[in-house]
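Peer 1: fold the following and give me the result.
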Amino acid sequence: MVMRLVKSAEMQEMDRMTIHDMGVPGVVLMENAARGATRLFLSHFVPAIHAHILLLCGRGNNGGDGYVIARYLHNAGFKITVLVLAPLEKISGDALTNLKVIRSMDLKIIAVPGAKEWQMHQSLLTRCDYIIDGILGTGLNAPVRGFYAQVIEDVNSAAKPVMAIDMPSGLNADTGQIMGVAIKANLTVTFGFPKLGQLLFPGVDCVGRLARIDIGIPNSVIEGVPDRYHMIEPNDFRDLFKLDRLDIHKGNRGHLLVLAGSRGKTGAAAMTALGALRAGAGLVTLGVPTSLNAILENKLTEAMTTPLQETDDGSLSMAAEQAIQQLMEDKTALAIGPGLSTNKETIALVRRIVSSCPLPMIIDADGLNALSGDLEAMTQGRGRFILTPHPGEMARLAGMTTGDIQADRVGTAVKFAQERGCFLVLKGARTVIAEPEGHVYVNPTGNPALSSGGSGDVLTGLVAGFVARGWPLAKAAVSGVFLHGLAADLLAEDMGQFGILAGELLDVLPELTSSLARGEWPLEGPPPHADFYHPL
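Peer 2: As a prediction, the model looks like this:
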């Protein structure tokens, strides 16, 4: 099953339709959410029966969930203190209903409507054993300031085990950005579906373990809200790894043309070609500047090389265009860009090739730099391009700053992919893949071992190899990114995350693809999605 993610507005719409269109009372959803959250709290932390649990509840439904959790934990015998971080007269709706219930019980409830009252009761943070965060919900879209900001900072300073209700307070549910300050939870129990921001950095560091609770939203409601955001899982592409028929041969598995390399950058060309071969491409031809051909022939045994006319700088020249056009005639895909250089003549060549090539195309590195000054070169190729920028390259392509890109990785990727009709792989921690139709995939694999030279070239080759084999572009991008990160995770299990070479990623790819094809998970830990589903 595809792991669906949602934005805050989508989850709110599901709640609204469930309550108003389907007639399910809001208090029922709140009860389901809190009952599931209580069970997860108990199973995750396993608190001693004499534990003191402090609940911090805001004025909205997030606080209402906290009141129900307080009731369950109180009935289980724990010492409970509820701080209502708002004037009591401001509590309304389903939250007020549940506040009235616990006020009629023997619970300690303290109104803390402002900074003065907070100073009076702040010491509870050091006297309690656990904290449950129900301050702010998923709709936060402005920086947290004043009283709430102080509370959040004090909670983090207390360093007590924390469970966040639905979303760590202060975290943007759509972008994963910290809105000034945010709770750092050990466990986040999210309702309905995981929120997009919980899977993106820096939000990942605030969420801790993420667990999903099914609160009873009808399938008809779920199907009525557009399904756009997903976390990549092996099942999304496992069928493509099934063993080929026994009479398969290299001519049936595609022929990739790679245009890469310049003086001093032969490694980028070699890693791209090898990545494509590890993806199972039947044939790979590497087109390189003439002066580099002998070097790459020596480096590469399994790939073919073709010398092409070059500039005085040792990069591909405009004079190579006709030869490249001829090379493309019997190929099934083109990868262009790694190590090409930013020579002006090479840039002009790249733009010509991109604007005229009829093949599906993977564009990376200096190929992207060439396009950043002339995106119109992509006009004739809508639906045929996969672009693989890192944030700096994305900033140049989109005419933005790197900070702006990182502040909303998903929004930036979607906008560009839709406007330019391309598949966009925005690399980085939790790489984002956006399709021209607006669908988005977040990759959960990978670690800092990938932050070394050449790893991006391996990814380009891997994706390009899948495309050359005839895979749909979306599947090629999603599976390539997932496998690339998984290779780093597998190596890190044995070697740690420091000092892993890009070439070592290539060595473990056959083992990974074979494991996934058999339906086996190759790492010692559980698959990335394992923490998301917990039955009520």
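Peer 1: quick one: Gly192 from Ala48, how far?
Peer 2: Gly192 sits at a distance of 32 Å from Ala48 (criterion: C-beta to C-beta, to the nearest Å). Where C-beta positions appear, they are placed from N, C-alpha and C, glycine not excepted.
Peer 1: ugh, typo on my part, it should be Arg127
Peer 2: Counting by C-beta to C-beta - Arg127 and Ala48 are separated by 15 Å.
Peer 1: ok so, going back, and Gly192 and Ala48? Which one has more around it.
Peer 2: For Gly192 against Ala48, the residue with the higher neighbour count under other C-beta atoms under 10 Å is Gly192, and the figures read 25 against 9.
Peer 1: so where do the strands sit in the stretch 351-500 of the chain?
Peer 2: Counting by DSSP state E, counting those that start in this stretch, the stretch 351-500 of the chain has strands at residues 361-363, 385-387, 423-426, 432-434, 440-442.
Peer 1: closest one to Ala111 among those strands?
Peer 2: Ranking those by proximity to Ala111 (C-beta to C-beta) places strand 440-442 first, at 40.0 Å.
Peer 1: strand partners (parallel or antiparallel) of that closest one?
Peer 2: Taking DSSP bridges as the criterion, strand 440-442 pairs within the sheet with strand 229-231 (parallel), strand 432-434 (antiparallel).
Peer 1: pick the most buried one from those strands.
Peer 2: Among these, strand 432-434 has the highest mean neighbour count (mean count of other C-beta atoms under 10 Å), at a mean of 27.
Peer 1: just give me how far that strand sits from the chain centre.
Peer 2: 8 Å (C-alpha atoms, centre = their mean, to the nearest Å).
Peer 1: can you tell me the average pLDDT over it?
Peer 2: Throughout strand 432-434, pLDDT has a mean value of 98.
Peer 1: kindly report the same for stretch 321-340.
Peer 2: For stretch 321-340, the mean confidence score works out to 98.
Peer 1: quick one: end-to-end distance for it.
Peer 2: End-to-end distance for stretch 321-340, by C-alpha to C-alpha, to the nearest Å: 14 Å.
Peer 1: remind me which residues of the protein are low pLDDT?
Peer 2: Using pLDDT under 70 as the threshold, the predicted model of the chain has low-confidence ranges 1-2, 243, 529-536.
Peer 1: switch to 50 and redo it
Peer 2: Counting by pLDDT under 50, the chain shows low-confidence ranges at 1, 533-536.
Peer 1: now do the same contact list for the residue sitting nearest the centre point of it.
Peer 2: The centre of the chain sits closest to Val442, judged by C-alpha atoms, centre = their mean, with a distance of 2.9 Å. Residues in contact with Val442 (C-beta atoms under 8 Å, 6 or more residues apart in numbering) are 5, 196, 199-200, 229-232, 410, 430-432.
Peer 1: cutoff 6 Å now
Peer 2: Counting by C-beta atoms under 6 Å, 6 or more residues apart in numbering, Val442 makes contact with 199, 231, 430, 432.
Peer 1: for Thr401, give me phi and psi.
Peer 2: Comment: the main-chain dihedrals of Thr401 come out as phi -90, psi 160, following degrees, to the nearest 10.
Peer 1: once you drop chain neighbours, what's closest to it?
Peer 2: Excluding its sequence neighbours, the residue lying closest to Thr401 (C-beta to C-beta, 6 or more residues apart in numbering) is Ala395, at 5.8 Å.
Peer 1: Gly411 now?
Peer 2: Taking C-beta to C-beta, 6+ apart as the measure, Gly411 lies nearest to Thr175, with 7.2 Å between them; neighbours along the chain are not counted.
Peer 1: distance check, that neighbour against Thr445.
Peer 2: 21 Å.
Peer 1: what of Leu359?
Peer 2: Summarising the geometry, the distance separating Leu359 from Thr445, computed by C-beta to C-beta, is 28 Å.
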